[in-house]
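Peer 1: whatever this is, show me its structure:
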Amino acid sequence: MIQSYLALKETVSEYMINCNGKHYIVNVCPDKPLLWVLREDLGLYGTKYGCGIGICGTCNVLLNGSLARSCKLPIDSIGDKEVTTIEGINDGLGKAIKNAWYSENVSQCGYCQPGQIISAYALLSANPNPSDSEIDTYMTSLCRCGTYQRIRSAIKLIS
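Peer 2: Next up is the predicted model:
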């Protein structure tokens with residue numbers, strides 16, 4: 001028991017993470033996914049676990065403003081990049097997206113919505129007036145409730 005604890009302790013490293021404009025220091029294994037650092041070590045529960053293999057998009061975050069699947073990103077790959085979670089998009093665009101989601105009744109179960117909103121934020125930051133085709137191409141996160149039409153409507157409401 002003591003031997004395995006010492007082996008584990010040797011694999012833990014200190015990392016500084018810049019998340020939502022704040023700097024945090026965490027002591028974790030280098031291969032711990034960013035998703036679990038956010039949830040377990042920083043207490044930011046908005047980013048959700050979905051598939052664990054980077055397909056569904058439930059775990060979406062922004063990494064230096066670009067969309068990223070946090071379940072597949074080991075903490076040692078983050079470096080000094082700025083991580084933005086659903087809790088951190090509170091500027092004018094973030095508020096507009098959240099208001100449009102509410103206005104269009106996008107959420108049913110709501111589980112995937114933080115990842116969907118992060119995707120919409122990345123899309124609208126890069127392209128403030130996307131076509132339906134561009135929205136469909138960019139918004140690749142899965143929604144088990146099938147609210148894709150409402151998601152598109154919410155995005156169009158902003159653009």
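
Peer 1: who's residue 25 bridged to?
Peer 2: Counting by DSSP bridges, residue 25 is bridged to residue 16.

Peer 1: ok, now which ones touch it?
Peer 2: Residues counted as contacts of residue 25 (C-beta atoms under 8 Å, 6 or more residues apart in numbering) are 14, 15, 16, 17. Placement of C-beta: from N, CA and C, glycine included.

Peer 1: now do stretch 34-41: distance from first to last residue.
Peer 2: 10 Å (C-alpha to C-alpha, to the nearest Å).

Peer 1: so which of the contacts of residue 25 comes closest to residue 27?
Peer 2: residue 14 (5.3 Å; C-beta to C-beta).

Peer 1: for the helix or strand that closest one falls within, name the packing helices and strands.
Peer 2: If you go by DSSP states H and E, residue 14 is part of strand 13-19. Secondary-structure packing of strand 13-19 (3 or more C-beta pairs under 8 Å, 6 or more residues apart in numbering; DSSP states H and E): strand 22-28, strand 82-84.

Peer 1: flag every buried residue along the first one.
Peer 2: So that's strand 22-28. Neighbour-count burial for strand 22-28 flags 24, 26, 28 (criterion: 16 or more other C-beta atoms under 10 Å).

Peer 1: repeat that for the last one.
Peer 2: By neighbour count with 16+ other C-beta under 10 Å, strand 82-84 contains the buried residues 83, 84.

Peer 1: that strand pairs with which strands?
Peer 2: Sheet pairing of strand 82-84 (DSSP bridges) gives strand 13-19 (parallel), strand 60-63 (antiparallel).
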